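Participant: Generate coordinates for the sequence data below:
(2 chains)
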There are 2 protein chains.
Amino acid sequence: MPEKVRIALDAMGGDNGPSVVVGGASLSLERHPDTEFIFFGDEAVVGPLVKADARLAAASRVVHTDVAVRMDDKPSQALRRGRWKSSMWLAIDAVKKGDADVAVSAGNTGALMAMSAFHLRTVSEIERPAIAAVWPNLRAESIVLDVGATIGADAQHLVAMAVIGAAMARVLFDKEKPTVGLLNIGVEEVKGLEAVREAGKILRETAPAGMEYHGFVEGTDISKGTVDVVVTEGFAGNIALKTAEGTARQIGGYLRSAMNRTWRARLGYLLAKSAFDGLRAKMDPRNANGAVFLGLNGLVIKSHGNTDPLGYSSAIDIGYDFARYQLLSKVSQALVQYKGAEPRLVESGVTA
Amino acid sequence: MPEKVRIALDAMGGDNGPSVVVGGASLSLERHPDTEFIFFGDEAVVGPLVKADARLAAASRVVHTDVAVRMDDKPSQALRRGRWKSSMWLAIDAVKKGDADVAVSAGNTGALMAMSAFHLRTVSEIERPAIAAVWPNLRAESIVLDVGATIGADAQHLVAMAVIGAAMARVLFDKEKPTVGLLNIGVEEVKGLEAVREAGKILRETAPAGMEYHGFVEGTDISKGTVDVVVTEGFAGNIALKTAEGTARQIGGYLRSAMNRTWRARLGYLLAKSAFDGLRAKMDPRNANGAVFLGLNGLVIKSHGNTDPLGYSSAIDIGYDFARYQLLSKVSQALVQYKGAEPRLVESGVTA
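Facilitator: Model prediction:
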């Protein structure tokens, strides 16, 4: 790894375009001066934005392309229209070629995942990639995966996600044996949970190194922080993530209107303002922005599409940390070790 | 329907036993004096509790049984041990026999669903029952179903749930054409969503009466109140419900600790106390307690297992409303009408 962390940015991705990407890079550079940026996008728009910030300009170069993946492009359209030439593709390609350590995009998730999987390929130990989110909880933070890469995981995929999630938690949370739970619903013996139950059986019986398997967890356990790593299939994981975001916003709305209702409440709000500001920062989804694609031969970070420079800078920061501490290779190593040591559970009908 | 609403209570169900059930009935009776209760459970425990409340005693009778379904019984165990004789079974049986208009239980969901489905049977137009929750949102309330009855719905089941959810919304929210959305994730063209997409196609093309089909919604849309009815398969629905509950508690925890940190914050809290109290009531999951089993030949309400008398009374209230306004038969009628009028979509490979 070179001395500087080299970050490839899809400058055209996201609902709000290059100004958010450039602004986010500027904020992130303040925190991590050992960063270099490559912006991919329309030079006529991106160039002047970067040049207006002397420090950023000194750490950046802009690579021009006319083509941008649209937010409503389907993955197959994006691949057809945008392969080889779109800003999203070029950012991923920079990672593939070794010109960058990580690619960050706020473009559409399906297209980004399709292009990343197509171009970087999954590591041989895992068939499908996963998206991992760092989720704040009442104790600290946990890692939740998959939050939307693939739908309908089988037991082997759930186990692989447990292994890579635990590897990520070991480094990110500095814990020797992070706890891992499988997301499930309280009802036992219900049809359709075979994969989750089978994965639980495998984790219990094979006891992979570097994690403590906790058992099943429910939706309420995510925010309690019952475990360090919550493993789930991508559909339910995405629903959970977005439902939590929505609920946080809903309660924020309730709180604002409650504090505006009477003069006593308004006065109370003013007195407690710094406490409210702290709370707002804690609830601010921008501070938890940035999900990591795991299982690929290269590092790609997905930012929320409708974020602002502050939120975008969080996504860049996650990419910086992953690149600086070589997290992706540690995660892949854990998977290789697990697959190498994996006992063959022939008697339960599962072969590794 | 008789003049009084007759409610059968599983007095032994729930984490906290008969005192919560009796206390909840007492609170609900204050709001709805036209109620009669039948308590099923251990008379030595339940009898004295009921007798201690003269008004409740006048409106109630207690039917003794020794057997109670345990909170950790698997559905098959519960059926084996508790059929014909447990307090849960007897409450459902009272509905089956016509002795009660509705059964309420805080016992374990899997057992309650298994016994209800076994004894009451699903109405012939739907193969599997669904659990519907009334979910507070930023606008008002929406109905979310299924929150945990069955896992892995096919397109036909999703459509049936849209029809019964809309019927419930028409009466509960007094809207002629409630809006209906299918819960999905933002990513298009991902494997595994065939059922959701196929259901969307059917709803668009057949345009069932009494609803306006909105299209797909995401997790964030639940709390926004984008639609009146959110339809989803039971695994994701249960995860969403519990994740939202957990997030609300998490933010409540943040808020409490923020308001305790400095004297200014504490003073502000005291000034704004009535606003905070209003907020707390609004966020209080006890006020939204009580989920409805839909699709059965009889009305069963599931209360949270670990609620208190206030929460339990909300579940009884939902049962009261459903019975008083004959909601279940309206829901079933809507399903019969829809199935009768349903065009056969032979060209898309789907037959009604």
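
Participant: Report the mean confidence score over the helix or strand containing A:L49.
Facilitator: Element membership for A:L49 (DSSP states H and E) is helix A:43-51. For helix A:43-51, the mean pLDDT works out to 97.

Participant: Also stretch A:178-187?
Facilitator: Averaging pLDDT along stretch A:178-187 gives 88.

Participant: next one: stretch A:286-303
Facilitator: Mean predicted confidence for stretch A:286-303 is 90.

Participant: quick revisit: what's next to the helix holding A:L49, contact-wise?
Facilitator: With contacts defined as C-beta atoms under 8 Å, 6 or more residues apart in numbering or on different chains, helix A:43-51 is touched by A:11, A:17-19, A:21-22, A:39, A:56-57, A:60, A:62, A:64. (C-beta placed from N, C-alpha, C; glycine too.)

Participant: Any chance of a ChimeraX selection covering the buried ones in the residues you listed?
Facilitator: A single ChimeraX command selects the buried members of the contacts of helix A:43-51 (16 or more other C-beta atoms under 10 Å in any protein chain shown):
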select /A:11,17,18,19,21,22,39,56,57,60,62
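
Participant: Out of the contacts of helix A:43-51, which sit inside helices?
Facilitator: Per DSSP state H, helices hold the following members of these: A:18-19, A:21-22, A:56-57.

Participant: still on that earlier bit, dump the helix holding A:L49 to PDB, restricted to CA.
Facilitator: What follows is helix A:43-51, C-alpha atoms only, in PDB (Å, rounded to 0.1, in the frame of the first residue of the first chain):
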ATOM      1  CA  GLU A  43     -14.500  18.100 -16.400                       C
ATOM      2  CA  ALA A  44     -16.400  21.300 -17.300                       C
ATOM      3  CA  VAL A  45     -18.400  20.900 -14.100                       C
ATOM      4  CA  VAL A  46     -16.000  19.100 -11.800                       C
ATOM      5  CA  GLY A  47     -12.800  20.900 -12.800                       C
ATOM      6  CA  PRO A  48     -13.900  24.400 -11.600                       C
ATOM      7  CA  LEU A  49     -15.400  23.000  -8.400                       C
ATOM      8  CA  VAL A  50     -12.100  21.300  -7.500                       C
ATOM      9  CA  LYS A  51      -9.900  24.200  -8.600                       C
END
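
Participant: okay, and for the stretch 201-350 of chain A, where does confidence drop off?
Facilitator: Residue ranges of the stretch 201-350 of chain A with pLDDT under 70: A:341-350.

Participant: As a check, name the ranges of all helices in it.
Facilitator: A:219-224, A:234-258, A:263-271, A:273-283, A:309-324, A:327-341 (DSSP state H, counting those that start in this stretch).

Participant: would TSV of these with mean neighbour count be doable?
Facilitator: Shown next, in TSV, are the helices of the stretch 201-350 of chain A (neighbours: other C-beta atoms under 10 Å in any protein chain shown):
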stretch	mean neighbour count
helix A:219-224	23
helix A:234-258	23
helix A:263-271	17
helix A:273-283	16
helix A:309-324	23
helix A:327-341	18
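
Participant: so can I have TSV of the ones you listed showing distance to chain B?
Facilitator: Formatted as TSV, the helices of the stretch 201-350 of chain A follow (distance: least, C-beta to the nearest C-beta, whole Å):
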stretch	distance to chain B
helix A:219-224	3
helix A:234-258	3
helix A:263-271	3
helix A:273-283	4
helix A:309-324	15
helix A:327-341	22
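
Participant: quick one, which of those helices is nearest to B:V95?
Facilitator: helix A:219-224 (29.6 Å; C-beta to C-beta).

Participant: so what does the closest one touch, helix or strand wise?
Facilitator: strand A:179-183, helix A:234-258, helix B:234-258 (3 or more C-beta pairs under 8 Å, 6 or more residues apart in numbering or on different chains; DSSP states H and E).

Participant: residues touching the residue nearest the centre of chain A, list them.
Facilitator: When C-alpha atoms, centre = their mean is applied to chain A, the residue found nearest the centroid is A:A291 (1.1 Å). By C-beta under 8 Å, 6+ apart, the residues touching A:A291 are A:131-133, A:147, A:301-302.

Participant: about what we covered before: and A:A94, which of the helices of the stretch 201-350 of chain A is closest to it?
Facilitator: Taking these one by one with C-beta to C-beta, helix A:309-324 is closest: 12.4 Å.

Participant: Could you tell me the angle between the closest one and helix A:327-341?
Facilitator: 50 degrees (axes from the mean of the first three to the mean of the last three C-alpha atoms, to 10 degrees).

Participant: Could the C-alpha coordinates of helix A:309-324 be exported in CSV?
Facilitator: Presented in CSV, the C-alpha positions along helix A:309-324 are these (Å, rounded to 0.1, in the frame of the first residue of the first chain):
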residue,chain,number,x,y,z
PRO,A,309,-21.1,17.0,1.6
LEU,A,310,-21.0,16.1,5.3
GLY,A,311,-22.7,12.8,4.6
TYR,A,312,-20.5,12.1,1.6
SER,A,313,-17.4,12.8,3.6
SER,A,314,-18.5,10.0,6.1
ALA,A,315,-18.6,7.6,3.1
ILE,A,316,-15.1,8.6,2.0
ASP,A,317,-13.9,8.2,5.6
ILE,A,318,-15.1,4.6,5.7
GLY,A,319,-13.2,4.0,2.4
TYR,A,320,-10.1,5.7,3.9
ASP,A,321,-10.2,3.5,7.0
PHE,A,322,-10.8,0.3,5.0
ALA,A,323,-7.9,1.1,2.7
ARG,A,324,-5.5,2.5,5.4
